[in-house]
Structures are given as structure tokens and as C-alpha cells.
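>>> Turn this into a structure:
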Amino acid sequence: MTLLSIGKFRGLQQISSKRGTFTCLALDHRQNLRKANPAFVDDAELSRFKLDVTKAVAHRATAVLLDPEVSAAQAISARAIPSSVGLVVAVESTGYTGDATARHAQIIPGWNVEKAKRMGASAIKLLVYYHPDSPTAKEIEDFTANIAEECRKHDLVLMLEPLSYALDENKKLSSEEKRYVVVETAKRLTPLGADILKAEFPLDVTESDQGLWKEACAEISAVSPIPWILLSAAVEYETFVQQITVACNAGA
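A predicted model of the protein is given here:
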């Protein structure tokens, strides 16, 4: 059993339901939203869009995930986040640096865990691109551990979101490879101090055998000492509902 500080325990209460489940409205996207809509190159337009969506949908969620660059403080001051809904603040810079097969990570310039705490965050979200066999794997592990220590110091929940990638930039991970990477990532990164794992579905979306779905999700549960939730990854709604059902029955 993992012992939690009272601050982290309170943070988990604030971002979850009374049943202990998480439904997070994730709106911390930056560059991909700008690519999708040229109007969002303008920070004011991107901020307006995020506030409009937050006002419309946040009351359906247990937590809202926002970036501190154009949306978190703005949503608070505009009272777009209901008082019963927790705030999760992303601290990583959008995208990655380095080679596509050896990715690096960094914190948003001018931001840190303490600053998010002062803003009123219930939790921190940290996204890292990780492959256990990448040359930068140890660097990402150290980076994650450092942020986890900052969250421990400031008594904030850490929601860790590792994203997989292929070591051949001309190919995507096969379903079998993705299963290995997602499960091994959970095994290596979750003991470093995170409180929640935001995991990818551990198979390719084209894999239809739900028996394999259950086995792969159960492997995540077996290797992760912390609770895990499922990343939607922009799959179709009906697909996500099926994935969520299988994942939760396997321990998510």
C-alpha cells in the first residue's frame, strides 16, 4: 500500500468522484490545436476557445486539465471551473526536442510545480515521450523522478502521462510492440513517485480480440503500484467505451 500525504489525499479527492473514479476534461493541448485551426495561432483565440469549452463541459467532469500558458489562470478568473471540479495543470512544454527516436522533455519556461500550487492546482500533469529501449530512457526517468520529488515537496498529486513511440521513425509500433512498450513503461516509471498513471491503451486500435485487451490491461495493473486511468487518444467514442469497460474490469 502506498502511503499518501494529507495534501495529496485531498488533491485526489478534488479530482475524483465520490466513487473514486476519474473523468477528466483534457484541454491542455497547444500546438496540435494550433495546427488544427489557424485561428488558434493567436493566444487570445486559443484561450477563448478553451474557456468556452470549459464553461460548457466542466460540470460533467471530476477534473479539468489545462495548460498554464493560455488557459488555467484564465479559467479560474472567469469562473469557468465549478468549485466542485478539480484543476489539473500541465507543466511540460508542448511537443518534444531531440530526434524522433530519442526524445527529450522539458518544463514550460517560467513554470514549475510550486507556481502551479500557488495557482490553486489540485494536481500536476506531466507528459513524457518514453520508450524503454531508447537512448534517452534514463534521462526521461530522471526527469520524471525530479518532477515527482517537486510534487512531493509541495504536496501535489502527480498525474503521469507517458506516450510511446517507435524506434524506427518510418514505422509505427505494432500491436505486440505497443503492448511491450506500454506495460514496460508502467513498470519502470510508476515507482518513481507519480500518484496516477495516465496510460495509453496497450494495443493497437485495430486489434479486435477483447481477450487480448483484457490480458494487456491486466498486465498494466500487475506492474503498476499506483492507480491508472485510460488515455482516450482520440479514438471513436464507441471504441473508447469498450476500452474503458475492459480496462476497468482488468484493474484500471
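
>>> C-alpha only now, for contacts and for neighbours.
Noted.

>>> Give me the phi and psi angles of the residue nearest to residue 92 when sequence neighbours are not counted.
The spatially closest residue to residue 92, leaving aside those adjacent along the chain, is residue 107, at 4.3 Å (Cα to Cα, 6 or more residues apart in numbering). Note on residue 107: its backbone torsions stand at phi -80, psi 150 [degrees, to the nearest 10].

>>> From residue 199, how far off is residue 107?
20 Å (Cα to Cα, to the nearest Å).

>>> So the two - more neighbours on which side?
Comparing residue 107 with residue 199 by other Cα atoms under 10 Å, the one with more neighbours is residue 199, at 24 against 17.

>>> could you list every residue that touches the more buried one?
Taking Cα atoms under 8 Å, 6 or more residues apart in numbering as the criterion, residue 199 is in contact with 161, 162, 163, 182, 186, 228, 229, 230, 231.

>>> Out of those, list just those in strands.
In strands, judged by DSSP state E, the following of these are found: 161, 162, 163, 228, 229, 230.

>>> which strand residues sit across from the first one in the sheet?
Meaning residue 161. Residue 161 has the following beta-bridge partners by DSSP bridges: residue 127.

>>> pLDDT, neighbour count and distance to residue 146 for the ones in strands among the contacts of residue 199 - can I get that in JSON lines?
Putting these into JSON lines (pLDDT from 0 to 100; neighbours: other Cα atoms under 10 Å; distance: Cα to Cα, whole Å) gives the following:
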{"residue": "161", "pLDDT": "98", "neighbour count": "24", "distance to residue 146": "15"}
{"residue": "162", "pLDDT": "98", "neighbour count": "23", "distance to residue 146": "15"}
{"residue": "163", "pLDDT": "97", "neighbour count": "18", "distance to residue 146": "18"}
{"residue": "228", "pLDDT": "97", "neighbour count": "25", "distance to residue 146": "20"}
{"residue": "229", "pLDDT": "96", "neighbour count": "22", "distance to residue 146": "22"}
{"residue": "230", "pLDDT": "97", "neighbour count": "21", "distance to residue 146": "24"}
